[in-house]
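Participant: kindly return the folded structure for what I paste below:
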Amino acid sequence: MSFTKFVTRGMFDLDKAIQEGSPAGLRSLGTWKTFYEGLASLPERAKESWLAFDHFYSDLAFPAALPLVFAERPTRLLDLGGNTGKWALQCIKYDPHVHVTIADLPRQLELARQSIHLNGFESRLTFFPIDVLNGSMPLPQNQDAIWMSQFLDCFSERQIVSILQRAALAMQPHTICISSNCSGTASPTKPPRFVCNKPPSTSPASLTATARCTTHLI
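Facilitator: Residues are numbered from 1 along each chain as shown. Have a look, this model is predicted:
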């Protein structure tokens, strides 16, 4: 109810958002182009409500995902769309040898910095400011693992393909790329999963094919 009260006032503009293909209701909260641009500057009650809603699913998924992500003992992990740094912190506590790079909008990184500072892990994290909707901006290179949590489902198919093309270019032959998203149709006993290795060819065609495959869920 808190999320509905403080965050979803823009639902009154849902018809316009569908017709225009734009976040028309966002103006009820601020003048940003996307919600995440303004998340750090939301009124405190609205921010708390959003984060409680957002973390509800990830808090359940993270403990199950950690053994999968660290099965190959990655030492360099890219947290793409790292938000408040909650996943990065769990990774650092789970494996004492991993270095995590959080890639997100500059304002989001400030939220993550605060959390990381409070826990004293600054030396094991790198903050990489990026707007993933800008297709010309590359991702950090030479990663052992790339993690995206409740991230790809925020974007259109065209934007997802662009993000995953750049993720493939940041991968080494052994790198795994894992996307965790909510699914109402996932089996409780056998959730669908996909681990994407960098293809032998980096031609646009092969990257696009890889990008489409990684829309599978964990």
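Participant: mind giving me the packing neighbours of the lengthiest strand in the chain?
Facilitator: Scanning the chain for the longest strand, with DSSP state E as the assignment, gives strand 171-180. When contacts are defined as 3 or more Cβ pairs under 8 Å, 6 or more residues apart in numbering; DSSP states H and E, strand 171-180 packs onto helix 44-69, strand 143-149, helix 157-169. No exception for glycine: its C-beta is placed from N, CA and C like everyone else's.
Participant: just those: most buried one?
Facilitator: Ranked by mean neighbour count, the helices and strands packed on strand 171-180 are led by strand 143-149 with a mean of 24 (mean count of other Cβ atoms under 10 Å).
Participant: and that strand, C-alpha only, in PDB?
Facilitator: Presented in PDB, the C-alpha positions along strand 143-149 are these (Å, rounded to 0.1, in the frame of the first residue of the first chain):
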ATOM      1  CA  GLN A 143      34.900  -9.200 -16.500                       C
ATOM      2  CA  ASP A 144      34.700 -12.800 -15.200                       C
ATOM      3  CA  ALA A 145      31.000 -12.400 -14.500                       C
ATOM      4  CA  ILE A 146      28.200 -10.000 -15.500                       C
ATOM      5  CA  TRP A 147      25.200  -9.800 -13.300                       C
ATOM      6  CA  MET A 148      21.900  -8.000 -14.000                       C
ATOM      7  CA  SER A 149      19.100  -8.200 -11.400                       C
END
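Participant: oh, and call the first residue 159 from now on, that's how I've got it
Facilitator: New numbering, starting at 159: the last item is strand 301-307.
Participant: if you drop the residues flanking it in sequence, what lies closest to Asn277?
Facilitator: Among residues not flanking Asn277 along the chain, Leu247 sits closest, at 5.9 Å (Cβ to Cβ, 6 or more residues apart in numbering).
Participant: neighbours of that neighbour, how many?
Facilitator: Leu247 is flanked by 21 other residues according to other Cβ atoms under 10 Å.
Participant: what's the first helix or strand after the helix or strand harbouring it?
Facilitator: Assigned by DSSP states H and E, Leu247 belongs to helix 244-252. Next along the chain after helix 244-252, taking DSSP H and E as the criterion, comes strand 257-262.
Participant: follow-up on the earlier one: name the residues of the helix holding Leu247 that are buried.
Facilitator: Neighbour counts using 16 or more other Cβ atoms under 10 Å place Lys244, Trp245, Ala246, Leu247, Gln248, Cys249, Ile250 of helix 244-252 among the buried residues.
Participant: list the helices and strands that helix packs on?
Facilitator: Counting contacts by 3+ Cβ pairs under 8 Å, 6+ apart, helix 244-252 is packed against helix 202-227, strand 234-238, strand 257-262, helix 264-277.
Participant: what residues sit buried inside the longest strand of the chain?
Facilitator: Met329, Thr333, Ile334, Cys335, Ile336, Ser337, Ser338.
Participant: poorly predicted segments of the chain, please.
Facilitator: The chain contains residues with pLDDT under 70 at 159-171, 175, 186, 188, 190, 193-194, 196-198, 205, 208-215, 339-376.
Participant: where do the domain boundaries of it fall?
Facilitator: Residue ranges for the domains of the chain, per automatic domain parsing: 160-209, 216-371.
Participant: most tightly packed of these?
Facilitator: The highest average neighbour count among the domains of the chain, using mean count of other Cβ under 10 Å, belongs to domain 216-371 at a mean of 17.
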